[in-house]
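>>> return atomic coordinates for the entry below.
(one chain, ligands or ions: 1)
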Amino acid sequence: MALEREIEQLKAWIEESERIVFFGGAGVSTESGIPDFRSEDGLYRQKYDYPPEQIISHSFFLRRPDAFYRFYRERMLYPDAKPNAAHLALAKLEQRGKLRAVVTQNIDGLHQAAGSRHVLELHGSVLRNHCRRCGAFYGLQDILNAKEIVPRCHCGGIIKPDVVLYEEALEERVMEEALACIRAADLLMIGGTSLVVYPAAGLVRYYSGHRLVVINQAPTGVDERADLLIPGKIGEVLGRAVD
Ligand code: NAD
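Presented below is the predicted three-dimensional model:
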């Protein structure tokens, strides 16, 4: 199907739906200038002293907070990034009472910046940080302004981003809410995700409706199940489908 017709189909389904859920990942923010992990120019194709999966793991954070923060500051913080057409379209759908939830693996806070209110952040957010010793809260600006590479609390403890690292469990309450929304959805849109990071990716299996839409540039493991597959740029597709 040509892109034009795919977008028309998506538009019609959006019109008829009342409980839309969007499930997304890093590809939603590439049009905002934040690289994803697995595209050609994604983070995993770049060279570091350690593989990125290792650097952003819990045990590595504890062992080498300096190396963790060097990578994190250089590659995971994009304080100037702005929401793109995909974020804005999803916020509009929520305002119109059509979309129940955005379930995201992203940690950049751009859905909220676009105006979305019900955002389930499976992997946390770079906007929230806590001292590992006393639990004090710090915002992103505190991390950016810290004098040392490894930011420290007034109490001397190391500050850790509220980002779910490899080896860490996802927050149960967020997972359960995401699951309930996906189960109740009458249209599930999946986009900008390679769907290889578990357990997050497993959530989409709980959708049993008949309108599964996949908007992703590269093939994913759910393409075969998709009722509508749109291999285009998500900002362009959603921007045109939601006016
Ligand atoms: P991924 O990098 O594994 O996959 C991204 C997918 O999006 C790819 O299949 C790619 O083809 C597709 N894509 C890229 N740009 C697109 C566009 N404009 N339109 C449509 N499709 C596009 O990302 P993932 O599945 O989210 O898994 C990576 C993990 O990394 C997640 O857990 C996430 O927390 C984290 N991450 C987050 C950010 C962020 O917050 N912006 C950025 C990088 C990584």
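>>> what about residue 92, neighbour count?
Number of residues near residue 92 (other C-beta atoms under 10 Å) recorded here: 17. C-beta here means a position set from N, CA and C on the backbone, and glycine is covered the same way.
>>> scratch that, residue 5 is what I was asking about
If you count neighbours by other C-beta under 10 Å, residue 5 ends up with 9.
>>> what about it, distance to residue 114?
For residue 5, the distance to residue 114 (C-beta to C-beta, to the nearest Å) stands at 27 Å.
>>> now find how far off-centre the worst-scoring helix or strand of the chain on mean pLDDT is within its chain.
Of all helical and strand segments in the chain, the minimum by mean pLDDT, DSSP states H and E falls on helix 52-55, at a mean of 90. When distances are taken as C-alpha atoms, centre = their mean, to the nearest Å, helix 52-55 is centred 18 Å away from the chain's centroid.
>>> can you list the buried residues in it?
52, 55 (16 or more other C-beta atoms under 10 Å).
>>> give me the contacts around it.
Counting by C-beta atoms under 8 Å, 6 or more residues apart in numbering, helix 52-55 makes contact with 37, 43-44, 48, 60, 67-68, 71, 75, 166, all of which sit outside it.
>>> among those residues, name the ones in helices.
Among these, the ones falling in helices (DSSP state H) are 60, 67-68, 71, 75.
>>> the ligand: which of those residues is nearest?
When the ones in helices among the contacts of helix 52-55 are compared for distance to the ligand (C-beta to the nearest ligand atom), residue 75 wins out at 8.5 Å.
>>> and that closest one, how many neighbours?
Other residues within reach of residue 75 by the criterion other C-beta under 10 Å amount to 17.
>>> where in this protein is pLDDT low?
Segments of the chain classed as low confidence (criterion: pLDDT under 70) are 1, 40-45.
>>> scan the chain for its longest strand.
Of all the segments assigned as strand in the chain under DSSP state E, the longest by residue count is strand 124-131.
>>> quick one: is that one near the ligand?
No - using C-beta under 6 Å from any ligand atom as the criterion, no contacts between strand 124-131 and the ligand are found, and the smallest distance is 7.6 Å.
>>> select from the ones in helices among the contacts of helix 52-55 the one having the most neighbours.
Neighbour count (other C-beta under 10 Å) singles out residue 68 as the most crowded of the ones in helices among the contacts of helix 52-55, with 25 neighbours.
>>> wait, what's in contact with that residue?
Residues near residue 68 by C-beta under 8 Å, 6+ apart: 55-56, 60-61.
>>> now render those as JSON lines, adding distance to the ligand.
Rendered in JSON lines, the data for the contacts of residue 68 read as follows (distance: C-beta to the nearest ligand atom, whole Å):
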{"residue": "55", "distance to the ligand": "12"}
{"residue": "56", "distance to the ligand": "8"}
{"residue": "60", "distance to the ligand": "16"}
{"residue": "61", "distance to the ligand": "15"}
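>>> now do the SS call for the residue most central in space within the chain.
Ranked by distance to the mean C-alpha position of the chain (C-alpha atoms, centre = their mean), the top residue is residue 106 at 2.1 Å. Reduced to three states with DSSP: H, G, I helix; E, B strand; the rest coil, the structure at residue 106 is coil.
>>> what sits against it?
So, once contact is read as C-beta under 8 Å, 6+ apart, residue 106 ends up touching 24-26, 28-29, 121, 123.
>>> of these, list those near the ligand.
Counting by C-beta under 6 Å from any ligand atom, the subset of the contacts of residue 106 that neighbours the ligand consists of 25-26, 29, 123.
>>> check these and tell me the two furthest apart.
29 and 123 (12.7 Å; C-beta to C-beta).
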